[in-house]
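Trainee: Give the three-dimensional model of this entry:
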Amino acid sequence: MNLLNALHGVFLSPALHAAGWGFASSFSLSVFLVLTKRWHGSFSMDFTDGVQKFHTAPTPRVGGIPVVLGLVVTWFKAPPDVQALLTPILFAGMPAFLFGVAEDITKRVGVMQRLLATMASGLMAWYITDHAITRVDIWGVDWLMQFTVVSVLFTAFVVGGVANSVNIIDGFNGLASTMSALGFVGYALIAWQVGDTTLASVALLLAACVWGFFWVNWPFGKLFLGDGGSYFIGFALAWVAVLLIERNPGVSTFAALMVCVHPITEVLFSIFRRKVRKDHPGMPDSLHFHSLFKRRYVAGWFGQYANGIRNSITGVLIGLMTLTAVVLANFTYASKTVSTLMYVGLCLGYVAIYARMVRHHWCSPIDFLLVKPKDRRVKT
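Mentor: Here you go, the predicted structure:
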């Protein structure tokens with residue numbers, strides 16, 4: 001019943017008007033960038049060379065710009081309480097966004113520099129709002145979180161980690177935008193259920209701006225999110241999660257974490273996989289979950305379609321995995337035990353499906369993680 005009331009509240013909220021402006025602005029600006037690519041294409045194009053490149057034609061990769069500008073337009077249309085909560089996100093998100101855009105344009109900004117920029121966004125958000133993670137719902141660790149230095153550094157690490165994880169899953173048309181839009185809606189519904197309508201409105205506005213970009217990116221891939229967009233959206237997702245658990249003590253930390261379970265698990269498992277393969281942790285490869293899913297399943301199911309269409313099908317199918325996490329998080333947010341079990345279950349499910357794609361048969365995710373490295377190596 002609480003969830004139904006939350007859905008009812010979404011459509012009656014005055015923030016819906018502002019969300020409409022955010023969607024329209026983001027969509028219009030995205031279309032404008034596509035139509036004017038001959039003017040800016042010399043520095044904004046993403047070319048087709050690279051191990052993680054799946055598109056077949058040079059495409060502008062500055063889709064983060066309309067998302068952020070759409071959010072600025074939304075700010076002017078939002079109620080004062082929503083503006084107050086949205087302002088720190090816009091200002092603190094600038095290091096992550098600007099360093100990402102610099103990489104989109106110059107292709108010369110290192111991984112470590114971008115990671116530090118996203119962590120700097122987390123530090124700025126704490127400095128502006130005085131909010132930092134003070135609990136993780138793990139016995140003993142919560143005691144450490146009471147020390148300001150530990151809390152602030154941990155917050156910066158988490159924000160940087162989530163921002164980079166969204167960047168890592170941004171591999172196919174619609175993937176990162178589907179996941180993040182669903183994530184923002186999931187946070188909005190939890191916030192509405194616990195009475196935090198201001199935060200729910202902020203999350204809804206962010207979802208609307210991402211959704212406006214989505215319809216230019218998917219299905220034909222006319223505009224890419226780019227590092228600037230993925231880092232900013234990842235930062236915003238992380239910061240909304242921080243605000244959700246800090247403003248609402250009744251919300252389980254693992255429920256907030258569950259909404260982002262796909263990108264978080266992807267980045268952790270990628271680090272693990274590269275360590276097993278003795279590859280550099282920051283070295284790109286084509287062995288991500290979404291890459292294997294396309295080769296193992298989508299290529300067979302939709303082989304009659306062009307490669308670009310298969311990319312888009314893969315992106316949406318993988319992005320929709322977040323829907324399961326959103327539903328579970330909304331039904332279990334009040335229970336630390338149940339939400340923790342659900343989160344662990346989703347992580348193990350990810351590993352089990354990955355193992356199935358590698359071995360071509362089902363096996364225990366624990367067995368897959370503990371098997372000797374030489375037997376686990378993924379065949380390309």
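Trainee: what residue is smack in the middle of this structure?
Mentor: residue 166 (3.9 Å; C-alpha atoms, centre = their mean).
Trainee: Quick check: chain neighbours aside, which residue is closest to it?
Mentor: residue 234 (3.3 Å; C-beta to C-beta, 6 or more residues apart in numbering). Using the backbone N, CA and C atoms, a C-beta is placed for each residue, glycine as well.
Trainee: list the helices and strands the host helix or strand of that neighbour packs on?
Mentor: Under the criterion of DSSP states H and E, residue 234 resides in helix 226-247. Counting contacts by 3 or more C-beta pairs under 8 Å, 6 or more residues apart in numbering; DSSP states H and E, helix 226-247 packs against helix 64-77, helix 80-92, helix 94-106, helix 111-129, helix 148-169, helix 175-193, helix 197-217, helix 253-259.
Trainee: Next, the buried residues of that helix.
Mentor: Within helix 226-247, the residues scored as buried using 16 or more other C-beta atoms under 10 Å are 226-246.
Trainee: can you list the weak-confidence ranges in the chain?
Mentor: 1-13, 47-56, 280-284, 371-380 (pLDDT under 70).
Trainee: Let me see the contact set for residue 106.
Mentor: Taking C-beta atoms under 8 Å, 6 or more residues apart in numbering, we find residue 106 in contact with residue 43.
Trainee: how far away is the closest residue in space to residue 222 that isn't next to it in sequence from residue 237?
Mentor: Nearest non-adjacent residue to residue 222, counting by C-beta to C-beta, 6+ apart: residue 34, 4.7 Å away. Distance of residue 34 to residue 237, given as C-beta to C-beta, to the nearest Å: 25 Å.
Trainee: And residue 174, by the same measure?
Mentor: Using C-beta to C-beta, we find residue 174 at a distance of 16 Å from residue 237.
Trainee: and if you look at residue 305?
Mentor: Taken as C-beta to C-beta, the span from residue 305 to residue 237 is 31 Å.
Trainee: so how far is the helix holding residue 234 off the chain centroid?
Mentor: In terms of C-alpha atoms, centre = their mean, to the nearest Å, the centre of helix 226-247 is found 8 Å from the chain centre.
Trainee: Can you give the contact residues for stretch 238-250?
Mentor: Counting by C-beta under 8 Å, 6+ apart, 85, 88-89, 92-93, 122, 125, 129, 131-135, 155, 158-159, 161-163, 184, 187, 190-191, 194, 196, 199, 202-203, 206, 251-253, 256-257, 259-260, 333-334 sit against stretch 238-250.
Trainee: May I have that stretch as PDB, with CA atoms only?
Mentor: Output of stretch 238-250 as PDB, limited to C-alpha atoms (Å, rounded to 0.1, in the frame of the first residue of the first chain):
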ATOM      1  CA  ALA A 238      25.500   8.100  -5.200                       C
ATOM      2  CA  TRP A 239      24.700  11.400  -3.600                       C
ATOM      3  CA  VAL A 240      20.900  10.800  -3.700                       C
ATOM      4  CA  ALA A 241      21.600   7.400  -2.000                       C
ATOM      5  CA  VAL A 242      23.800   9.200   0.700                       C
ATOM      6  CA  LEU A 243      21.000  11.700   1.300                       C
ATOM      7  CA  LEU A 244      18.400   9.000   1.400                       C
ATOM      8  CA  ILE A 245      20.000   7.000   4.300                       C
ATOM      9  CA  GLU A 246      21.300  10.100   6.200                       C
ATOM     10  CA  ARG A 247      18.000  12.000   6.100                       C
ATOM     11  CA  ASN A 248      15.900   8.900   6.800                       C
ATOM     12  CA  PRO A 249      17.300   6.600   9.500                       C
ATOM     13  CA  GLY A 250      14.600   4.000   8.800                       C
END
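Trainee: and residue 220, what does it touch?
Mentor: With C-beta under 8 Å, 6+ apart, residue 220 has these contacts: 173, 308, 312.
Trainee: Kindly list the main-chain dihedrals of residue 59?
Mentor: Main-chain torsions, residue 59, degrees, to the nearest 10: phi -140, psi 140.
Trainee: burial of it, as a residue count?
Mentor: Residues lying near residue 59 (other C-beta atoms under 10 Å) number 24.
Trainee: Ok, residue 248 next?
Mentor: Residues near residue 248, counting by other C-beta under 10 Å: 17.
Trainee: Could you check how far it is from residue 298?
Mentor: For residue 248, the distance to residue 298 - C-beta to C-beta - is 39 Å.
Trainee: ditto for residue 366
Mentor: Taking C-beta to C-beta, one finds residue 366 at 28 Å from residue 298.
Trainee: quick one: which of the two has more around it?
Mentor: Just comparing residue 366 and residue 298: by other C-beta under 10 Å the higher neighbour count belongs to residue 298, 22 against 11.
Trainee: wouldn't residue 356 be in contact with residue 365 here?
Mentor: No - using C-beta atoms under 8 Å, residue 356 is not in contact with residue 365, being 9.7 Å away.
Trainee: ok, now which ones touch the closest residue to residue 124 other than its chain neighbours?
Mentor: Spatial nearest neighbour of residue 124, chain neighbours left out: residue 92 (3.9 Å); criterion: C-beta to C-beta, 6+ apart. If you count contacts by C-beta under 8 Å, 6+ apart, residue 92 has them with 121-122, 124-125, 128, 235, 239.
Trainee: Going by distance to residue 39, which of these wins?
Mentor: Comparing the contacts of residue 92 against residue 39 with C-beta to C-beta places residue 235 closest, at 28.8 Å.
Trainee: Which residues are in contact with the closest one?
Mentor: Applying C-beta under 8 Å, 6+ apart, the residues contacting residue 235 are 89, 92-93, 96-97, 118, 121-122, 159, 162-163.
Trainee: Okay then, goodbye and thanks.
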